[in-house]
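> I'd like to go over a predicted model; first the sequence, then the structure.
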Number of protein chains: 2
Amino acid sequence: MKKKRSFSPPQLLIGLFGVSILIGTFLLKLPIAHTTSISWLDALFTAVSAITVTGLVVVDTGTVYTLFGQFVILGLIQLGGLGIMTFAVLIFLMLGRKIGYRGRLIVQQSLNQNDAGGIIRLAIRLAVFSFIIQFFAIGLLSTVWVPELGLWKGLYFSLFHAVSAFNNAGFGLLPDNLVAYVGNPIINLVISGLLILGGIGFTVLVDMWRSKTIRQWSLHTKIMIVGTIVINAVAMLFIFFTEWKNPNSIGTLPLKDKLWASYFQAVSPRTAGFNTIDLTGLDDATIFFMIVLMFIGAGSASTGGGIKLTTFIIILLATLAFFRSKHELTIFNREIRQELIFKSLAIAMSSVLLVVGALFILTHTEHDVNFLTILFEVVSAFGTVGLSLGITAKLTVFGKIVIIIVMFAGKLGPLTLVFSITRPDKRKIKFPKGDVLAG
Amino acid sequence: MKKKRSFSPPQLLIGLFGVSILIGTFLLKLPIAHTTSISWLDALFTAVSAITVTGLVVVDTGTVYTLFGQFVILGLIQLGGLGIMTFAVLIFLMLGRKIGYRGRLIVQQSLNQNDAGGIIRLAIRLAVFSFIIQFFAIGLLSTVWVPELGLWKGLYFSLFHAVSAFNNAGFGLLPDNLVAYVGNPIINLVISGLLILGGIGFTVLVDMWRSKTIRQWSLHTKIMIVGTIVINAVAMLFIFFTEWKNPNSIGTLPLKDKLWASYFQAVSPRTAGFNTIDLTGLDDATIFFMIVLMFIGAGSASTGGGIKLTTFIIILLATLAFFRSKHELTIFNREIRQELIFKSLAIAMSSVLLVVGALFILTHTEHDVNFLTILFEVVSAFGTVGLSLGITAKLTVFGKIVIIIVMFAGKLGPLTLVFSITRPDKRKIKFPKGDVLAG
Ligand SMILES: [K+]
Ligand SMILES: [K+]
């Protein structure tokens, strides 16, 4: 192993994201990319929002950016969503180069795989899967948008939204996102289906594809499937019953549309960022509930963000296990290694610190905005969700920079960031045990 | 061991708190306890706020309650602050009865001591300590209040505030708490000194008393001393620099008073509940910072609440250790047992769930109050802090009931509550290890 000038996989991953963001910013700042003049900061914001598949926007995507600009955004979304590293693997393979151990480590890092073997096979499966899924989705969405907008515009809308949804990017071409389609079954089902498939994690999809029976599913797959169903069902019920009579959200809609809206807004916050109702009319309880969902986020090795559903479930079960005085944490008759519980604790705690730190700054810089709105924006950026209560474009320069940093940190995850600047501590000193009171 | 009709220590502790609250409510509802009529709910609220040493008030203590009512409140504060169980031990001893193993277990529970031995000695030390400290404090406070209010009223004010401060109760006799004394060195130093002594935990005080050199201090004492100094210094600097130019808080005060106010409001949120400035004028960033301090809280086995400073420090250090790829968590060259990390995780998570659950309800029931104000109120109740942005008296009936429950749960702590309803799981089945992706 050569020692000098060697970058660790996390450092390379950050570097590649950084270079892509710079190129993206430059392309978006080109005169052919936009119809009205935009600032460097807004171009940077858009590039970071796209490559981190967040979807927070400082300018209206459909009107301010030209077709060229929109394709740049779409390219950044595919790059960030499919995984910048997986992309690199595919390019390596296409060029006929053999991928080395270091390259595999990088992919492993970006897909967050515990097992280094078979990473290339996974990358190929991942690409094939996602193209097939997006292809079918475009066909289905066209049945709505081609009759409405004509052949080419309809196809283009279908393409843009399918890519954006599968990558959980939340970017849309309409100023009010999908509000016009609150009761449309095809838009609701196809978009939410893409969000769930993209957000559940590629390893889960591959595992389900490969397994003949449910019994063959890995523990991770079982937890993700059950967890996704439970959290979406709970979220739908919560939103439906809280907003039931709220005239500013779903109160005036017919029952069918009430149910569609509740379903869609239950699925969307855990990283997708699309909305079919105006969020500013929601009850504070629903807003806060969505913040919790955004913080939890999607699945590991997915196009989504947040601390991840499994992290949340592990912490929850570890807490329950402690209160039941159990010494091992078991799920589906499998024991969870203690290291994993520590990892989950570290991820949750560092994420809390990131969000809290950003809040300290923004509550000070964005003086006239109320706290809940700022909290919503920060957690939306951290979870790369992209939902907003409408303050993104009005943020101060300082506020935009903080949100850019939070999106970047949220996409890469605290693990990657911290491991890029620390070296493992290899000291092996045995200390006597000490007693501390806690709680 | 007899089996039937046996209550576990946590169950007995909850029962004793419950009975004391009922008696307190009844006494406060007596006509001789108040000058204007109060509702049963407000009497219950006051009793719970007093015995949990929170200090949230729905009616003004100094004018609505008579001297009798104020003594009831003071009694409840001493009961809840000194520890209802320690009180029971003393009564047992005074009656000449020998305290049994079960009794010791209850005290152990209420003092959160890991070691069952020597609990009676600790209880006696604790009582002697606290009476000496409060006696001296009354003398010092009298030098301010006797010249100002006359002998008897001045002495009574000194007694009430000394007891309230040492027990971290936050109850005062003036409508605007201690705002009139923002620059008074004696009030600032004596009250904050009492808060810190009462909030650092009795075991720390006993340990410091017993030890001849710093090297003899236990690990817990070292962490608490260093942690208290660091967190108070950080808080003071944060508040000073955030509020420096804010005309609604300390902006118009002379520098000396700016420093006193920053110091006092830094020390107070971690469970005390006194204030020398009007909190509603603070910057949102400071309000949010105080919420974080209130959630962290005071020391274990103290008169204060929150998840406790050691719990916070252990989680923070465990996170750092994970990121440095260390397998053991060490502080001051002592290894922290893994079980303690799990305990800390469980306490923090269940506390978050309690606060979040209360927030879901209150954001829905208290429609016209902004989110930050509700969050402040809920965390203040959870941490038995008693600071408020002024909504306590205006809460809906449902809102008051939720805050009562949160104060009760916050005082007893999630451990006591959950262990009172669960039985240890004694199954010993070994499951194979499973792999899950987290983060
Ligand atoms: K998104
Ligand atoms: K208090």
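Everything's here; your move. Ligands and ions are numbered 1, 2, ... in the order given.
> all contacts plus neighbour counts: C-alpha atoms, from now on.
Noted.
> Look at residue A:427 and report its pLDDT.
We have a pLDDT of 45 for residue A:427.
> For residue A:41, grab the count of nearby residues.
16 (other C-alpha atoms under 10 Å in any protein chain shown).
> Residue A:238 now?
Residue A:238: 17 neighbours (other C-alpha under 10 Å).
> what residues are up against it?
residue A:286 (C-alpha atoms under 8 Å, 6 or more residues apart in numbering or on different chains).
> So for the helix or strand it falls within, what gets flagged as buried?
Assessed by DSSP states H and E, residue A:238 sits inside helix A:219-243. Judged by neighbour count (16 or more other C-alpha atoms under 10 Å in any protein chain shown), helix A:219-243 contains these buried residues: A:219-224, A:227-228, A:231-232, A:235-240, A:242-243.
> Could you identify the helix or strand that succeeds it?
With DSSP H and E, the next secondary element past helix A:219-243 is helix A:255-267.
> close to ligand 1, is that following helix?
No - judged by C-alpha under 5 Å from the ion, helix A:255-267 stays clear of ligand 1, getting no closer than 11.8 Å.
> That helix: what's the following helix or strand?
Using DSSP H and E, the first helix or strand after helix A:255-267 is helix A:284-296.
> ok, residues contacting that next one?
Taking C-alpha under 8 Å, 6+ apart as the rule, helix A:284-296 contacts A:238-239, A:242-243, A:266, A:269-271, A:279, A:306-309, A:312, A:372, A:375-376, A:379-380, A:382-383, A:385, B:359-364, B:371.
> pLDDT averaged over that helix - what is it?
pLDDT averaged over helix A:284-296 gives 92.
> Please spell out the segments of the stretch 251-400 of chain A that come in under the pLDDT threshold.
Along the stretch 251-400 of chain A, the parts satisfying pLDDT under 70 run over A:301, A:327, A:333.
> before we move on, the earlier item: contacts with ligand 2 among the contacts of helix A:284-296, please.
Within those, nothing lies near ligand 2 by C-alpha under 5 Å from the ion.
> from the stretch 101-250 of chain A, which residue is nearest to chain B?
The nearest approach of the stretch 101-250 of chain A to chain B comes at residue A:220, 4.7 Å away (C-alpha to the nearest C-alpha).
> any idea how far residue A:79 is from the residue nearest the centre of chain A?
The geometric centre of chain A, computed from its C-alpha atoms, lies nearest to residue A:304 (C-alpha atoms, centre = their mean), at 2.4 Å. Separation of residue A:304 from residue A:79 (C-alpha to C-alpha, to the nearest Å): 13 Å.
> Kindly report the same for residue A:316.
According to C-alpha to C-alpha, residue A:316 and residue A:79 sit 33 Å apart.
> between the two, which one's more packed in?
Using other C-alpha under 10 Å, the more surrounded residue of residue A:316 and residue A:79 is residue A:79, with 22 against 16.
> Number of residues surrounding the spatially closest residue to residue A:261 that is not a sequence neighbour?
The shortest distance from residue A:261 to any non-neighbouring residue, by C-alpha to C-alpha, 6 or more residues apart in numbering or on different chains, is to residue A:182 (5.9 Å). Each residue near residue A:182 was counted by other C-alpha under 10 Å, and the total is 22.
> Look at the residue nearest to residue A:49 when sequence neighbours are not counted and say how many residues are nearby.
What sits nearest to residue A:49 in space, not counting adjacent residues and going by C-alpha to C-alpha, 6+ apart, is residue A:55, at 5.4 Å. A count of nearby residues for residue A:55, using other C-alpha under 10 Å, gives 32.
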